[in-house]
Structures are given as structure tokens and as C-alpha cells.
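Trainee: build me a model:
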Amino acid sequence: MDTITFHEPPIAGTEIDQLLGILDRTRSVLAWKCGGLDAAAMRVTLGPSAVTLGGLLKHLTRCEADTFLWKMSGSRPTPPWDTAEHAWEWGSAADDTPEELFSLWVAAVQRSRSAVAEALTSGDLNQPVHIGNDGEHANLRRLVLDMIDEYARHNGHADLIRESIDGLVGEDPPGPAGQ
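Mentor: Numbers count the residues shown, from 1 in each chain. Purely as a prediction, here's the structure:
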């Protein structure tokens, strides 16, 4: 994935447009921070942490499926997640090529976008989703916010790791945004 499309959320728009725009922006930043690197660079760690850019991509692949498929609809995990141990993706990413990691992640993002778009045809962000605690169900808004939070946290990790690899810094990918 050498071409990264940067998504700037709309300045004005509906709550749905803005939240999904921010989510796509955080996805774009992760793709930029992980893009254009070889397998060795995708395995670089920083300090005592075992977090790698490859691990981040695979972890966020799992988070996309966990949030917008399993938590949203209650559907069962699909391979490889159905048999994977907790946190398996962090270590197993070292065995994957950058192309495989991006392919998994892009497919997960596309499935998530489709699942959210489908859900929004029958309701808004207030609609209840499958996951809940003590008989109370979360709503779609909560899942979107949780995913934004997950990317925001891990984009900070990606910033530091990428800077340590080749000095790449910045908040947004270069080039025009919002097109």
C-alpha cells in the first residue's frame, strides 16, 4: 500500500459524517506511518516495548473485526481470530510481510465501513448493538468512539516508532486533504 489516501473530516456536517470522518482520518495516519517500509522496519521496537508497526497493523485489524463485526452484531470471529490466543497478533505479525499485513488491515477496514454503513440504513448512532454489560447494550456511537480511541492511542506509538526508523514526523500525511 504505497499510495495513502488522507481523509480530513468535514468541518461542518452531521454527527455521523464527522465521527466517521475522524475515524477515517486516524486510519489514514496509521497507514501513512506504516507505509513504504520493509519487513525489518515493520519489526522495529522502541525501548523496552515489544510494540512494532507490524504488530500495530495486525492488532488494529483485530480491533476492526472485534468492534464492527463481533461487538456490533454478535457474529462469531472468523479465521484466524476464531482460534487465536489473546494478543496473538502482536507476536505473529513478525511472520507476515508488510504486504500481507496491509492486505489484512485494508480488508478489515473495508468490512468495518460496510458493516457500519449497513447498520446506518436502519438507524442512527443511538441504535443498540450486540455487546453490553448487565443487560444494558452499548450503542453504535460508543463503538465508533471506542475505535477512534483505539487508533488515537496506537497512532502515538506509530509516531514514535516511525520516527526512530527513518525520521518521518508529522501529524498528517503530505499532500492535499479533504479531496
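
Trainee: okay, CA-based contacts and neighbour counts for the rest of this
Mentor: Fine.

Trainee: run me through the strand neighbours of the helix or strand of the chain with the lowest mean pLDDT, direction for each.
Mentor: Lowest on mean pLDDT, DSSP states H and E among the helices and strands of the chain sits strand 128-133, with a mean of 82. Sheet pairing of strand 128-133 (DSSP bridges) gives strand 136-139 (antiparallel).

Trainee: C-alpha coordinates for the strand it pairs with, PDB please?
Mentor: The C-alpha coordinates for strand 136-139 follow below in PDB (Å, rounded to 0.1, in the frame of the first residue of the first chain):
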ATOM      1  CA  GLU A 136     -27.600  -2.900  29.000                       C
ATOM      2  CA  HIS A 137     -26.400  -2.600  25.400                       C
ATOM      3  CA  ALA A 138     -23.900  -0.200  24.100                       C
ATOM      4  CA  ASN A 139     -24.900   1.900  21.000                       C
END
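
Trainee: related to what we said a few turns ago, tell me how far the least confident helix or strand of the chain is from the chain's mean position?
Mentor: Its chain's C-alpha centre and that of strand 128-133 lie 20 Å apart, by C-alpha atoms, centre = their mean, to the nearest Å.

Trainee: which parts of it are buried?
Mentor: 128-131 (16 or more other C-alpha atoms under 10 Å).

Trainee: what does stretch 89-99 give?
Mentor: Buried, per 16+ other C-alpha under 10 Å, within stretch 89-99: 89-91, 93-94, 96, 98-99.

Trainee: which of those sits closest to Gly123?
Mentor: Glu89 (33.0 Å; C-alpha to C-alpha).

Trainee: chain center to the host helix or strand of the closest one: distance?
Mentor: Glu89 belongs to helix 88-92 when elements are defined using DSSP states H and E. In terms of C-alpha atoms, centre = their mean, the centre of helix 88-92 is found 16 Å from the chain centre.
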